[in-house]
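J.: Attaching a predicted model along with its sequence, questions to come.
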Amino acid sequence: MKQALLILLIPILLVVQVSALHPEAVKSHRAKIARALANPNQENIVVLGELLVGSAIYLDKNDSLAVEVHKEIQSALLAIPGHAEYYRDKILQAQERVKTVGTSALHEYDNENMYAFQTLPHLPSPEGVRVLGELLSNDWVPPGNETFAASEKFAPLSVSARVALQKFPLLDKPFKDPITKQNVADANTAWLLWYEQIKSGNRTFRFEGDPTEYDLNGPAPKQKIERFERERKRNEERKTAHKKGSGSDSERPDLTTTPEPGKSIVPLVAGTLFVMIAVGYFILRKRISGAS
């Protein structure tokens, strides 16, 4: 009976253990955060990246302390220049090795892919957008990928990057519908267009809860934001004018009113004279025919 009870309790104990971040773990995490902030280098990108992914499992456990620590780790990692470029460089270097030495390097490429795309979705920043945006155009897959078993096939980096961007807390995402087999091509096209507009300097972006407008270099210059506001306003005015111009008869201009200043009244006068001449001719013909 005791043995059976113990077997039943083990899963419960495991759930309790992973449903909250242990106080000792919190203390350890904060010590590592402090060391990373004091020495923001690549080594600490790795340390914080592992902590970030590990702490993410607590985000849906209703553990407010774990959520707070996760945000602290994230903020510390985002403060290190190269936080997203580090993961990009690792996967691209591994990709080049596969191209050079062949399938013997696939295991390394697989690992770097896994680590990178476990971490990158937790790095919403201008650098994160730039790194993932550039990867949207990388459709390379290993030679023979189409012959691999379904569970062993490699997704192009373009797909992994789009999935990661979709997880960013971006406002006004270019594709908001759930991705399916039917619309995946539309989603890829929408994200590529969105990134190209940002890259060309014709668009900015924002994150949820942050009023700052960003471009790929950080907070967007005031002049750029003002230019976009003017363009948006002009576009709205054009749309409004177009709707009025293509409206119903009640919205069409009244031809009996005085023309606006600067507009020619010649057509109006000519039309009036034509009507008068036609009426006079008609009356004259009636009189002539009556006299005869």
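T.: Sure thing, it's come through. Numbering: from 1, shown residues only.

J.: Show me where the protein has its strands.
T.: 214-215, 218-219 (DSSP state E).

J.: tell me what the first one is packed against?
T.: Judged by 3 or more Cβ pairs under 8 Å, 6 or more residues apart in numbering; DSSP states H and E, the packing partners of strand 214-215 are helix 126-135. Heads up, the C-betas are built off the backbone N, CA and C, glycines and all.

J.: Need the CA coordinates for the helix it packs on. CSV is fine.
T.: The C-alpha trace of helix 126-135 is given here as CSV (Å, rounded to 0.1, in the frame of the first residue of the first chain):
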residue,chain,number,x,y,z
PRO,A,126,16.2,46.0,-32.8
GLU,A,127,19.2,43.7,-33.0
GLY,A,128,16.9,40.7,-32.7
VAL,A,129,14.6,42.0,-35.5
ARG,A,130,17.6,42.7,-37.7
VAL,A,131,19.2,39.3,-37.2
LEU,A,132,15.9,37.4,-37.8
GLY,A,133,14.9,39.7,-40.7
GLU,A,134,18.1,38.9,-42.6
LEU,A,135,17.6,35.2,-42.0
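
J.: mind showing which ranges of this protein have poor pLDDT?
T.: Counting by pLDDT under 70, the chain shows low-confidence ranges at 1-19, 232, 244-292.

J.: which non-adjacent residue is nearest the residue nearest the centre of it?
T.: Geometric centre of the chain, nearest residue: Lys173, 4.1 Å, by Cα atoms, centre = their mean. Leaving out its chain neighbours, the residue that sits closest to Lys173 by Cβ to Cβ, 6 or more residues apart in numbering is Gln166, at 7.1 Å.

J.: Pull the number of nearby residues for the one you found.
T.: 18 (other Cβ atoms under 10 Å).

J.: Am I right that it is in contact with Pro174?
T.: No: at 9.8 Å, Gln166 and Pro174 do not qualify as touching, with contact defined as Cβ atoms under 8 Å.

J.: and for these two, which residues touch both?
T.: In terms of Cβ atoms under 8 Å, 6 or more residues apart in numbering, Gln166 and Pro174 are both contacted by the residues Trp191.

J.: Pick the most buried one from the strands of the chain.
T.: By mean neighbour count, with neighbours taken as mean count of other Cβ atoms under 10 Å, strand 214-215 ranks first of those at a mean of 18.

J.: now it, how far from the chain's geometric center?
T.: 12 Å (Cα atoms, centre = their mean, to the nearest Å).

J.: what does it rub up against?
T.: Pro126, Val129, Ile198, Gly201, Thr204, Phe205, Arg206, Phe207, Ala220, Pro221, Lys224.

J.: Look at the fourth one and say how many residues are nearby.
T.: Other residues lying near Gly201 total 13 when counted by other Cβ under 10 Å.

J.: now the first one
T.: Here the neighbour count serves as a burial measure; for Pro126 (other Cβ under 10 Å) it reads 20.

J.: residues in contact with it?
T.: Per Cβ under 8 Å, 6+ apart, neighbours of Pro126: Tyr214, Asp215, Leu216, Asn217, Gly218.

J.: Looking at strand pairing, list the partners for the last one.
T.: According to DSSP bridges, the residues that bridge with Gly218 are Asp215.

J.: where's it relative to Leu135, distance?
T.: 20 Å (Cβ to Cβ, to the nearest Å).

J.: picking that back up, need the contacts of Pro126 in JSON lines (columns: distance to Ala20).
T.: Converted to JSON lines, those look like this (distance: Cβ to Cβ, whole Å):
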{"residue": "Tyr214", "distance to Ala20": "35"}
{"residue": "Asp215", "distance to Ala20": "40"}
{"residue": "Leu216", "distance to Ala20": "39"}
{"residue": "Asn217", "distance to Ala20": "40"}
{"residue": "Gly218", "distance to Ala20": "36"}
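
J.: with those in mind, which one is nearest to Leu78?
T.: Gly218 (11.7 Å; Cβ to Cβ).

J.: and the closest one, how far is that from His83?
T.: 13 Å.

J.: Chain neighbours aside, what residue packs nearest to His70?
T.: Per Cβ to Cβ, 6+ apart, closest to His70 is Ser55, 4.2 Å.

J.: is it true that the one you found touches His29?
T.: Yes: the criterion here is Cβ under 8 Å, and Ser55 meets it with His29 at 7.1 Å.

J.: Give me the common contacts of the two.
T.: Leu21, Val69, Ile73.

J.: who's in contact with the second one?
T.: Right, Val69. Taking Cβ under 8 Å, 6+ apart, one finds Leu21, Val26, His29, Arg30, Ser55 in contact with Val69.

J.: Perfect, that will be all.
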